[in-house]
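Got a predicted structure here, sequence first:
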Amino acid sequence: MNKNDYRDMWVFIEHDGETIQPVSLELCCEIRKIADAAGEKLVAVVVGTLPESETEKLMETGVDVILRVSGTGYGYFNVDAYANLFTVLCRKYLPTAVFVGGTINGRDFAPRFACRLPTGCTSDATELVWDPKTTDIEFIEPAVGGKMMAVITVPVMRPQVGTIRPGTFKYVPTGKRPCSVIEETVDFPEAEIRTRVLDFKADDFDESLNIADADVIVCVGNAVKVDSLPKYRELAALLGGKLGCTRPVFDRGVLPFKLVIGQSGVVVKPKLYLSFGVSGAVNHVTGMQDSGCIVAVNKDPDAAIFKYCDYGIVGDMDEVCEQMLRHLRR
């Protein structure tokens, strides 16, 4: 395989026919910078049609090409048709890299088409770096339970495929560029789709569990006591924010998974992040390190969380929370 035969970086644009998934736009903004560094084009792959307003939003991220696909088999998301589609497209156009949002759908089909090409697929990277010497992309992510940062590359095969978690990068539009549109038709026999949608019912939505866009987050670590949770909920409410937690709190069955912040949960970027009893493991820090202001409370003066905070308080988490509540109630 000659790596010089491969050009341009692709982003899969996941949408429901009306709205683009935010992670797809976040990826376009980040890959725009990498494509510029590599001297390659940014290609947005869109299956089906988008409203004009969403297409405009996509173009504001600075895409050079929109590869628009139509055909049979895409009436609803299914791994069979989408894995086949990207296998066909990658063999025809030979992209350098393909980036897919780490959604339920993205994580399902990305490794499958990567295996068919065959090439490597990296999951849940928290940082992307283009190496001008090797022309490889370095996928950086926590490993060994967050005790080290692994640098993963695909040095021989192309394209380099990776799934990136929602919220990892920021949506910062760079403005429109001259953009061409390529129309492709790739049919997939519907009889070969192994799944069927029999019924659909939307989940009952609990807004308190939607912490990704919260401006203020009060995060509790594994030291939290179940009977102390109401005070942390009250603190979050008084600050106009929401409650979050680390993975061990969920593992204990104390709080639901949607409130987990970190590599195995949600990536958040609040203006104010208050942590109570959080140790500061790397797999948690990667989910909140871009917060505007970080305040950490921990009774251990050597806790790793103090390396990442703007303000640190050494003390009992419950006592500090109660003092904050007394001041805020006034």
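Received it, and whenever you're ready, just let me know what you need.

The lengthiest strand in the chain pairs with which strands?
Determined from DSSP state E, the single longest strand within the chain is strand 136-143. With DSSP bridges as the test, strand 136-143 is paired with strand 127-131 (antiparallel), strand 148-152 (antiparallel).

And those, which one averages the lowest pLDDT?
Here these differ in mean pLDDT, and the lowest is strand 148-152 at a mean of 83.

Which residues in it does the neighbour count mark as buried?
residue 152 (16 or more other C-beta atoms under 10 Å). (Glycine included, C-beta is placed from N, CA and C.)

what separates it from the chain centre, distance-wise?
17 Å (C-alpha atoms, centre = their mean, to the nearest Å).

now swap in stretch 4-22 and tell me
With C-alpha atoms, centre = their mean, you get 14 Å for stretch 4-22.

ok, and for it, which residues are buried?
6, 8, 9, 10, 11, 12, 13, 14, 15, 20, 21.

ok, of the residues you listed, which one's closest to residue 83?
For the buried residues of stretch 4-22, the residue nearest residue 83 by C-beta to C-beta is residue 12; the value is 11.6 Å.

so which helix or strand takes in residue 195?
Following DSSP states H and E, there is no helix or strand that holds residue 195.

which non-adjacent residue is nearest it?
The spatial neighbour of residue 195 that comes closest, neighbours along the chain excluded (C-beta to C-beta, 6 or more residues apart in numbering), is residue 78 at 5.3 Å.

The one you found contacts residue 193, correct?
Yes. Assessed by C-beta atoms under 8 Å, residue 78 is found in contact with residue 193 at 5.0 Å.

burial of the closest residue to residue 208 other than its chain neighbours, as a residue count?
Spatial nearest neighbour of residue 208, excluding adjacent residues (C-beta to C-beta, 6+ apart): residue 242 at 6.2 Å. Residues lying near residue 242 (other C-beta atoms under 10 Å) number 24.

Specify the beta-bridge partners of residue 242.
residue 217.

And for residue 182?
Beta-bridge partners of residue 182, as defined by DSSP bridges: residue 67.

rewinding a little: of residue 78 and residue 193, which one has the most company?
Set side by side, residue 78 and residue 193 show more neighbours around residue 78, with 22 against 18, by other C-beta under 10 Å.

Please report how far the more buried one lies from residue 323.
54 Å (C-beta to C-beta, to the nearest Å).

Cheers, nothing more for now.
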